[in-house]
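In: What would the 3D arrangement of this be:
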Amino acid sequence: METEQINSYLDTAGNMIIEYAPKVLAAIVILLIGIRIINKVVSMAIKAMAAKGIGGDLAPFLGSIVGIGLKILLVFTVAGILGIDVAAFVGILAAASFAVGMALQGSLANFAAGILIIIFRPYKVGDWIQVPGEFFGQVEEIQIFNTIMVTPGHKTLIVPNGEVINGVVTNYSVKGHIRLELSFLMAYEESFPKLKGIISDALQGLEYILDEPKPQIGIESYDTHNIIVAVRPYVAPDNYWEATFEVNERIKNALSANGIRMAYSEGVELGSIGE
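Out: Down below sits the predicted model:
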């Protein structure tokens with residue numbers, strides 16, 4: 001009796017394999033090929049939108065939406081091949097989507113924030129920005145859920161759009177120029193007009209320094225042993241670090257060449273106040 005039941009189970013399993021194996025195999029093949037085709041279609045769509053003049057930030061966003069829509073259609077197609085009732089499948093999928101949506105409210109908020117970023121454009125691809133959490137970098141891509149940034153040290157930051165839209169975003173590129181916040185020490189006995197002239201001459205002809213707005217040079221504050229001199233030249237955002245290094249090197253050389261002395265915190269001697 002047991003042998004007959006086992007044989008019956010084996011026959012049933014064999015029949016099911018014969019019946020469903022081709023469908024399952026076809027579904028797997030279509031799924032794999034379909035995903036590859038969808039990825040190529042999305043890539044071509046992004047290139048076509050870029051060729052039509054659609055912004056570099058909007059094209060990847062729309063491409064992501066197109067890719068998701070096509071993959072949903074692919075899932076329905078595979079379900080039909082497997083013999084699943086598509087109408088019932090849609091109902092189950094809707095219920096599952098609702099449950100997943102409740103569990104992933106943060107992701108939905110990031111999606112909504114992504115749409116707001118695309119519409120109101122507080123920043124775009126290529127801009128240098130600082131977002132909540134003190135994250136600073138250049139925008140490489142605006143995706144559905146995240147903004148991809150690259151730091152000056154070439155680290156990739158993946159920042160959820162919800163966190164960006166709910167905080168203060170500092171855009172360093174929107175004005176086309178940014179001010180360097182540099183400071184130098186001057187001994188009290190040195191002449192500030194002389195030092196100001198030396199620094200002003202040192203800034204002339206530098207590759208990355210803009211002529212307009214004009215660089216600002218002034219006394220920022222008074223320290224125990226030194227006067228803090230602020231130097232504020234303007235540069236293009238993309239040249240921030242190159243300009244910083246260039247200005248520091250040029251001013252150091254100019255101060256050295258003109259014999260400007262500096263007080264140190266240890267072993268300092270009292271001296272007179274210069275002009």
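In: three-state assignment of the residue nearest to the spatial centre of the chain?
Out: Nearest residue to the geometric centre of the chain (CA atoms, centre = their mean): residue 149, 1.8 Å. Put simply, residue 149 is strand when judged by DSSP: H, G, I helix; E, B strand; the rest coil.
In: Look up how far residue 254 lies from residue 47.
Out: Noted for residue 47: a distance of 50 Å to residue 254, by CB to CB, to the nearest Å. Any C-beta I mention is one placed from the backbone N, CA and C, and that applies to glycine too.
In: So if I had to pick from these two, which one is more boxed in?
Out: Comparing residue 47 with residue 254 by neighbour count (other CB atoms under 10 Å), the higher total belongs to residue 254, at 17 against 12.
In: Just give the nearest non-adjacent residue to that one, would you?
Out: In this structure, residue 254 finds its nearest non-sequential neighbour in residue 202, 3.9 Å apart by CB to CB, 6 or more residues apart in numbering.
In: list the contacts for the one you found?
Out: Counting by CB atoms under 8 Å, 6 or more residues apart in numbering, residue 202 makes contact with 250, 251, 253, 254.
In: Please report the distance of the first one from residue 262.
Out: Between residue 250 and residue 262 the distance, using CB to CB, works out to 17 Å.
In: Compare the two and say which one has the larger neighbour count.
Out: residue 250 (18 against 12).
In: Let me see the ranges of the strands in the stretch 101-250 of the chain.
Out: For the stretch 101-250 of the chain, the strands defined by DSSP state E, counting those that start in this stretch occupy 128-131, 135-142, 146-150, 156-160, 170-171, 178-179, 182-187, 216-222, 226-232, 234-235.
In: right, and those - which one's nearest residue 78?
Out: Residue 78 lies closest to strand 146-150 among the strands of the stretch 101-250 of the chain, at 27.9 Å (CB to CB).
In: Quick one: work out the angle between the closest one and strand 156-160.
Out: 160 degrees (axes from the mean of the first three to the mean of the last three CA atoms, to 10 degrees).
In: Name every sheet partner of strand 146-150 and say whether each one runs parallel or antiparallel.
Out: In the sheet, strand 146-150 lines up against strand 135-142 (antiparallel), strand 156-160 (antiparallel) (DSSP bridges).
In: Compile the strands of the stretch 101-250 of the chain into JSON lines and extend it with columns for distance to residue 62.
Out: What follows is the strands of the stretch 101-250 of the chain, written out as JSON lines (distance: least, CB to CB, whole Å):
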{"stretch": "strand 128-131", "distance to residue 62": "21"}
{"stretch": "strand 135-142", "distance to residue 62": "11"}
{"stretch": "strand 146-150", "distance to residue 62": "16"}
{"stretch": "strand 156-160", "distance to residue 62": "20"}
{"stretch": "strand 170-171", "distance to residue 62": "22"}
{"stretch": "strand 178-179", "distance to residue 62": "31"}
{"stretch": "strand 182-187", "distance to residue 62": "42"}
{"stretch": "strand 216-222", "distance to residue 62": "43"}
{"stretch": "strand 226-232", "distance to residue 62": "41"}
{"stretch": "strand 234-235", "distance to residue 62": "34"}
